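**Q** sequence first, predicted coordinates after that:
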Amino acid sequence: MNGTDGAGDSLTDEVRTAEYLKKGLTESGFMVDVATTGTDGLHLAAEMQYDVILLDVMLPGVNGWSVIKTIRLTSNTPVLFLTAQDEVSDRVKGFELGADDYLVKPFAFAELLARIRRCLRQCIGRESERLRIADLDIDMLGRRVFRSDAKVELTTQEFALLHLLARRCGEVMSCPSIASHVWDVNFDTDTNVVDVAIRRLRAKVDDPFEVIHTVRGMGYVLDPERGR
């Protein structure tokens, strides 16, 4: 969630920062949603399940302090403040409200990435760093995939697609739902982008037996038990 920190910062600069962060994190293998107001951020946090939330303090509408207070009423999702509010009192307030980390702008992207991964290790737990489904092993922090101990080379998009299906193992997901999570867009029903992406993913991971299945008229599901 990204907003405006101080009168000297323009909204355009904040939008550019958000775009920079989204591009960098996506290239690092993360699926990213951006909210430009506190209200939008609270809506996304309530509707979606995130591994970590980056939160600005000076957000339009509802500020970051109020956002984390609301989040902490129902969720333990790791929250990392990313803000120009650099007073010690601000950092203390952030931690007292339940933040897992606090990084002051300007920042180095490499440090942000390291802090995100630390949040995931500390707050999600060591076991959940890997998803193991049958002989499919997904290393979420390392962004690596193994099938029967053999490494599977996936593109960033393919990893995001597999990660989504694995986290929803056994749940049939529609093409529009998959598109909104992986590509952050709403495709027309006639578009076959998801179908093509699934075919490419299957070609890499569905050996020796299928784990990704088509459910006619509904979508796709990752389930090693289906069809046996």
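**A** On my side now, so go ahead.

**Q** return the biggest helix by length in the chain as PDB; C-alpha atoms alone will do.
**A** Counting residues, the longest helix found in the chain (DSSP state H) is helix 11-27. What follows is helix 11-27, C-alpha atoms only, in PDB (Å, rounded to 0.1, in the frame of the first residue of the first chain):
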ATOM      1  CA  LEU A  11       1.500  11.900  -5.700                       C
ATOM      2  CA  THR A  12       3.200  11.300  -9.000                       C
ATOM      3  CA  ASP A  13       6.400  10.300  -7.200                       C
ATOM      4  CA  GLU A  14       4.500   7.900  -5.000                       C
ATOM      5  CA  VAL A  15       2.800   6.300  -7.900                       C
ATOM      6  CA  ARG A  16       6.200   5.800  -9.600                       C
ATOM      7  CA  THR A  17       7.600   4.300  -6.400                       C
ATOM      8  CA  ALA A  18       4.600   1.900  -6.300                       C
ATOM      9  CA  GLU A  19       5.200   0.900  -9.900                       C
ATOM     10  CA  TYR A  20       8.900   0.400  -9.300                       C
ATOM     11  CA  LEU A  21       8.200  -1.800  -6.300                       C
ATOM     12  CA  LYS A  22       5.600  -3.900  -8.100                       C
ATOM     13  CA  LYS A  23       7.900  -4.400 -11.100                       C
ATOM     14  CA  GLY A  24      10.900  -5.400  -8.900                       C
ATOM     15  CA  LEU A  25       8.900  -7.700  -6.600                       C
ATOM     16  CA  THR A  26       7.100  -9.300  -9.600                       C
ATOM     17  CA  GLU A  27      10.500 -10.000 -11.300                       C
END
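
**Q** what comes up buried for the helix or strand just after that helix?
**A** Using DSSP states H and E, the helix or strand that follows helix 11-27 towards the C-terminus is helix 38-47. Across helix 38-47, burial judged by 16 or more other Cβ atoms under 10 Å covers 38, 40, 41, 42, 45. Glycine gets a C-beta too; all of them are placed from N, C-alpha and C.
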